[in-house]
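Asks: When you get a sec, could you give me coordinates for this:
(one chain, ligands or ions: 1)
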Amino acid sequence: MPTSPALPFGPGPGGAPVLHGQRCTWCGHVSFPRQPYGCEECGSPDTEPHDLPGTGVVHAAATVHRHPDPRVPVPYTVVSVLLDDGPLVRGACATPTPVGTRVRPHLDTADPDRPQLLFTPAP
Ligand SMILES: [Zn+2]
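Replies: Modelled structure (predicted):
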């Protein structure tokens, strides 16, 4: 059974960010993040690491205009992204991003102790 990395995302080959997911070796289901209990679809304990490019389409969005921590810049948009590989993941966009927008992941390392995964509109 695979072990989860410290962060569920990181730089992949060529520096583009990837999401550390898993693929079931029984049914082929792809999920994110990796789960220690196995496949969330069929329950098999046999999964293998599977890095996802993180590209997809915004499925739902909500823009935040106020945040209790004044250090957090607003506005930003919380999004649910339906990844091209199947999983639905939640993340944030630095700019208002409407439903239906194609996005790709961006690794924000401004604070090296707390890298953040953001989504940006894909060109
Ligand atoms: Zn499965």
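Asks: Up against the ion, what does the chain have?
Replies: Within the chain, the positions near the ion by CB under 5 Å from the ion are 24, 26, 27, 29, 39, 41, 42, 44. Yep, even glycine has a C-beta here, placed from its N, CA and C like the rest.
Asks: make it 8 Å
Replies: 24-29, 38-44, 47 (CB under 8 Å from the ion).
Asks: Does the residue located most distally from the centre of the chain belong to a helix, a strand or coil?
Replies: The C-alpha centroid of the chain is most remote from residue 70, which lies 25.1 Å away (CA atoms, centre = their mean). Classification of residue 70 by DSSP: H, G, I helix; E, B strand; the rest coil places it in coil.
Asks: Next: residue 92.
Replies: What three-state DSSP gives for residue 92 is strand.
Asks: what's near enough to touch it?
Replies: Residues near residue 92 by CB atoms under 8 Å, 6 or more residues apart in numbering: 76, 77, 78, 79, 116, 118, 119.
Asks: Also residue 105?
Replies: Each residue near residue 105 by CB under 8 Å, 6+ apart is listed here: 9, 16-19, 53-55, 91, 117-120.
Asks: if we can go back for a sec, what pLDDT does the model give the residue farthest from the centre of the chain?
Replies: At residue 70, the pLDDT value in this model is 91.
Asks: cool, and residue 21?
Replies: pLDDT for residue 21: 94.
Asks: Grab the nearest non-local neighbour of it.
Replies: In space, and not counting its chain neighbours, residue 21 is closest to residue 32: 3.7 Å by CB to CB, 6 or more residues apart in numbering.
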